[in-house]
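J.: please work out how this folds:
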Amino acid sequence: MTWFELIELTAGRAVYAYYPDGDKSDRGSLSFNRHDGTWVVMERAEADRHSSYSNHLCHRLEEFNRSGVFQESGYVAWC
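T.: Next up, the predicted model:
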C-alpha cells in the first residue's frame, strides 16, 4: 500500500509525495507530466528500492489524468 498527498498541480504536471505502507517517516516524491504521461521520481523513499510503490502510484496518476481529476490524498493498494 502507498499513501499519497498532492503537493502541486498545474496544467502541465502533478507532483505528489508518497509514503510506502503509510509510513510518514519514509517520504518519496514524484512528478507526473500531464501532457505525455511520463513521470520522474524526484526523491525515492527508502522502502521503494525496487520502485514498486512509485510504479503503483504512477498507474493511479494515469487514471487521474484520463479523468481530469487529481485526488488531494489517498492510497493505492495491491495484492
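
J.: most centrally placed residue in the protein?
T.: Leu57 (4.3 Å; C-alpha atoms, centre = their mean).

J.: that residue belongs to a helix?
T.: Yes: counting by DSSP: H, G, I helix; E, B strand; the rest coil, Leu57 is located in a helix.

J.: correct me, but it touches Pro20?
T.: No: between Leu57 and Pro20 there is no contact under C-beta atoms under 8 Å: 9.8 Å. (Glycine included, C-beta is placed from N, CA and C.)

J.: look at the residue nearest to the centre of the chain and report its pLDDT.
T.: You'll see Leu57 listed with a pLDDT of 97.

J.: ok, now which ones touch it?
T.: By C-beta atoms under 8 Å, 6 or more residues apart in numbering, the contact set of Leu57 is Thr2, Phe4, Tyr16, Tyr18, Leu30, Val76.

J.: from Ala11, how far off is the fourth one?
T.: Taken as C-beta to C-beta, to the nearest Å, the spacing of Tyr18 relative to Ala11 amounts to 22 Å.
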